[in-house]
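A.B. asks: I need the structure of the sequence given here:
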Amino acid sequence: MLNGKVPDGDRTVMNEILSIFKRREASYDKLLIQTALVKEDDNWKNVFTKLVPLSKEYAVEDKVLDYGGFRVASIKADASDLCTIIEQLVREGRLQIKGCPEVLFDGNFAERKGTYIPSYDDVFELGWPANFYNFSPATGFQGRFPRDPLLVVEKPSFPDGSTAIKSIIEIDLTRRDAYIGHILILLPNYRAKIVELRIGPKESTIEVLPKEVAKQDIIGKLYCAREQETVIEDVLFSDERQVVHTGFVPHSLYFYLLNREDGELIDEREISFWWLGRPLPKDVTIEIAGEDVQQLITRGESDKVEFKTRVGKDRELDEFIESVVAFANSSGGVILVGIDDNANIVGITEEKLDDRVSKILRSHCDPPIQPEMSIHSLDDKRILMIQVKEGSNKPYMFRDKGIYVRAGATDRIATRAEVDEFYKKRA
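C.D. replies: Presented below is the predicted three-dimensional model:
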């Protein structure tokens, strides 16, 4: 570091990063460097830097915006440059990126061991599992993005530095302010990944995508449990999609994808039911069993559960669409049609209600929302269960009515700040 001494913990983590890089080097083609630097008191400081080795199919265009005392860039380099950058950072206390001013940087790895990020991660959205390392700044070495407008005749204009960073580097530091001044290192594992996990009352279907290994060279480790019932099973992939017979919908499920040759963890899913407070990954679907529907009714309405007596007309229909839109704009939820506000099972009599609901949502929701629907029988009465997953194309709008979000057990119109946040995430 700047005092010439490298702490043992930092040396250990650096060697771990270099070792992982060496094992995966054949998978990497270019290094994506995304950085924002600011000049303060004649010294350049790091506002945010992220280093990610990419495989060959990624096409990356260099983008460098220089506003004098503030520079934001997304550039590519040789993958092997990662090792040089990290060694300079840890051993010499300097961040040197091509085309950018040198930055003196004193800090330490925030953790003494890297974090493993699964492929569904929605913070960095790599789309592949990765090892994650965070080199955090010492006091005085953290740069801050400009709060004033960035106005240069020949450059794009931005209202402030955070907006420029969001546009070029695709991270919102107003929401991820814990990363301001930090240097993040992500090492994707392109061997394989989990594509979809569908959990049903009798069986679960697991789909994987092998990329750097053959499907026969990966193995799944499954553990699922429900009260006193458990299933522990190895999953072999003679095909990319495999079915595992469990006999029940688990209340918790853990699935780990390993390389059969060296036992390396490639990808994972750790799931508990989201109506108990934990959202599902977007690539996971649960087909809820009848006894679980009864449990939902017993628990009552919440931010994840809504009761509707029927999908009627006029105000009743509007309230139903509002709930669907609100769940899609929030973290998902379940609508039970045939249950009144007092949790009484009144049932439905309309045949093919699910078809009518699909048509309603196609004509009234923008973008379209396509929930999972199933009919269940409780107390000799039929109810329709509608599972609305958190949307990937927010905001969703009830046409001619507005954008709704979930607030506790009710739906409300989104505030201006909430709508702005939706569009910032899409920018």
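A.B. asks: contacts and neighbour counts: CA atoms only from here.
C.D. replies: OK.
A.B. asks: Against which helices or strands is the helix or strand that contains L336 packed?
C.D. replies: For L336, the element it lies in under DSSP states H and E is strand 333-337. On a contact count with 3 or more C-alpha pairs under 8 Å, 6 or more residues apart in numbering; DSSP states H and E, strand 333-337 meets strand 305-308, helix 314-329, strand 381-388.
A.B. asks: closest one to V13 among the ones you listed?
C.D. replies: Closest approach to V13 among these is made by helix 314-329 (39.2 Å; C-alpha to C-alpha).
A.B. asks: Please state the mean pLDDT value computed over that closest one.
C.D. replies: Across helix 314-329, the average pLDDT comes to 94.
A.B. asks: going forward, begin numbering at 412 instead of 1
C.D. replies: With 412 as the first residue, the last one maps to helix 725-740.
A.B. asks: Report the buried residues of stretch 719-734.
C.D. replies: K719, T720, R721, V722, E730, F731, I732, E733, S734 (16 or more other C-alpha atoms under 10 Å).
A.B. asks: The strand holding L747 pairs with which strands, parallel or anti?
C.D. replies: Here strand 744-748 has these sheet partners by DSSP bridges: strand 716-719 (parallel), strand 792-799 (antiparallel).
A.B. asks: Show me what the longest one is in contact with.
C.D. replies: Which is strand 792-799. 735, 738-739, 743-750, 756-760, 764-765, 781-788 (C-alpha atoms under 8 Å, 6 or more residues apart in numbering).
A.B. asks: let's see 7 Å
C.D. replies: Contacts with strand 792-799, where a contact means C-alpha atoms under 7 Å, 6 or more residues apart in numbering, come from 735, 738-739, 743-749, 758-759, 782-788.
A.B. asks: and after the helix or strand encompassing F666, which helix or strand comes next?
C.D. replies: Element membership for F666 (DSSP H and E) is strand 663-670. Sequence order places strand 676-683 as the next helix or strand after strand 663-670, per DSSP H and E.
A.B. asks: Remind me what that next one packs against, helices and strands.
C.D. replies: On a contact count with 3 or more C-alpha pairs under 7 Å, 6 or more residues apart in numbering; DSSP states H and E, strand 676-683 meets strand 603-610, strand 663-670.
A.B. asks: Please name the strands paired to that strand in the sheet, noting orientation.
C.D. replies: strand 663-670 (antiparallel).
A.B. asks: I605 contacts E618, correct?
C.D. replies: Yes. Contact criterion C-alpha atoms under 7 Å: I605 and E618 qualify, at 6.2 Å.
A.B. asks: In terms of neighbours, single out the busier of these two.
C.D. replies: A count of neighbours by other C-alpha atoms under 10 Å puts I605 above the other of I605 and E618, at 25 against 17.
A.B. asks: Any figure for the gap between that one and V449?
C.D. replies: 39 Å (C-alpha to C-alpha, to the nearest Å).
A.B. asks: Which stretches in the stretch 412-561 of the chain count as helices?
C.D. replies: 419-435, 492-498 (DSSP state H, counting those that start in this stretch).
A.B. asks: Using a markdown table, lay out the ones you listed together with mean pLDDT.
C.D. replies: Listed next are the helices of the stretch 412-561 of the chain as a markdown table, based on pLDDT from 0 to 100:
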| stretch | mean pLDDT |
| --- | --- |
| helix 419-435 | 94 |
| helix 492-498 | 96 |
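A.B. asks: so which of those helices gets nearest T641?
C.D. replies: Proximity to T641 (C-alpha to C-alpha) singles out helix 419-435 among those, at 34.6 Å.
A.B. asks: how about the closest residue in space to L664 that isn't next to it in sequence, secondary structure?
C.D. replies: Residue nearest to L664 in three dimensions, not counting chain neighbours: C635, with 4.2 Å by C-alpha to C-alpha, 6 or more residues apart in numbering. Three-state assignment for C635 (DSSP: H, G, I helix; E, B strand; the rest coil): strand.
A.B. asks: which residues does C635 form a beta bridge with?
C.D. replies: V642, L664.
A.B. asks: Now for it: which residues touch it?
C.D. replies: T641, V642, I643, P661, S663, L664, Y665.
A.B. asks: Mind doing that once more with 6 Å?
C.D. replies: T641, V642, P661, S663, L664 (C-alpha atoms under 6 Å, 6 or more residues apart in numbering).
A.B. asks: again, but for L728
C.D. replies: Residues in contact with L728 (C-alpha under 6 Å, 6+ apart) are V722.
A.B. asks: next one: D678
C.D. replies: P529, P540, K604, L668.
A.B. asks: By neighbours, which of the residues you listed wins?
C.D. replies: P540 (26 neighbours).
A.B. asks: Starting from T526, give me the distance back to that one.
C.D. replies: 11 Å.
A.B. asks: I428: neighbouring residues, count only.
C.D. replies: 22.
A.B. asks: for Q798, that is, sorry about that
C.D. replies: So Q798, with other C-alpha under 10 Å, has 25 neighbours.
A.B. asks: cool, and I576?
C.D. replies: 24.
A.B. asks: same deal with S438?
C.D. replies: 20.
A.B. asks: Just want the phi and psi numbers for the nearest residue to it once chain neighbours are set aside.
C.D. replies: In this structure, S438 finds its nearest non-sequential neighbour in S466, 5.8 Å apart by C-alpha to C-alpha, 6+ apart. The phi and psi values for S466, taken as degrees, to the nearest 10, are phi -80, psi 180.
A.B. asks: got the contact list for S466?
C.D. replies: Listed by C-alpha under 6 Å, 6+ apart, the contact set of S466 reads S438, Y439, D440.
A.B. asks: wouldn't the last one be in contact with Y469 here?
C.D. replies: Same thing as D440. No. Counting by C-alpha atoms under 6 Å, D440 sits too far from Y469 to count as a contact (8.8 Å).
A.B. asks: which residues does the residue nearest to C776 when sequence neighbours are not counted bridge with?
C.D. replies: The shortest distance from C776 to any non-neighbouring residue, by C-alpha to C-alpha, 6+ apart, is to F809 (5.0 Å). Beta-bridge pairing of F809 under DSSP bridges involves C776, G813.
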